[in-house]
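K.L.:
Sequence and computational prediction follow.
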Amino acid sequence: MCCYVNSIEEQGRDHVSSILLEDQYFDSEVNFCRVYATDILQYLERILLRGGISYFVKEENSSFLSKLFSMHRSGFIVRINCRDMEKAMYLTENLRGIEILGRIPEEEWTPRRERLWREEREREERYYYRESEWRDQSYYYERTQRA
């Protein structure tokens, strides 16, 4: 007895649907703070976990010259989701030994919003230049009519 399995092409399903992701932005991590001591880093991790905030710890790369002249301080950068920034600021407001890098975002940044903002600014600039050209033309027209 032979078992025959139909392939996708034989079943008439030889097309693949595509997913368009051009208007979606997935990278919403921001630099939250810089920490130089590992014990403070561990304490900060516990605070963030208790607060329900996901984080990522990235070791800071120091330059060659700072390593050469013994100015190397091993530091860590803690990255969190931008939506948790306000909560993290509240949880760590009394914690010493951290340097806050981020700020509370006024609105969520996406490439689409950036493009819309840029188009609106260009539209306003075009309107402004058209108005100034119109004023210049009307001024010259009035001067030629008077003469």
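P.N.:
Perfect, I can see it now.
K.L.:
where does this structure have its least confident helix or strand?
P.N.:
None of the helices or strands of the chain scores lower by mean pLDDT, DSSP states H and E than helix 64-68, at a mean of 68.
K.L.:
Which segments of this structure make up each domain?
P.N.:
Domains of the chain are assigned by automatic domain parsing as 29-100, 110-147.
K.L.:
Deepest-packed of those, please.
P.N.:
The highest mean neighbour count among these, using mean count of other Cβ atoms under 10 Å, belongs to domain 29-100: a mean of 14. Where you see a C-beta, it was placed from the backbone N, CA and C, and this is true even at glycine.
K.L.:
how long is that one from one end to the other?
P.N.:
In domain 29-100, first residue to last residue: 15 Å (Cα to Cα, to the nearest Å).
K.L.:
How about stretch 85-98?
P.N.:
Length of stretch 85-98, first residue to last, Cα to Cα: 15 Å.
K.L.:
Need the residues that contact that stretch.
P.N.:
Here stretch 85-98 makes contact (Cβ atoms under 8 Å, 6 or more residues apart in numbering) with 30, 32-37, 40, 43-44, 47-48, 51, 53, 80, 100, 102-105.
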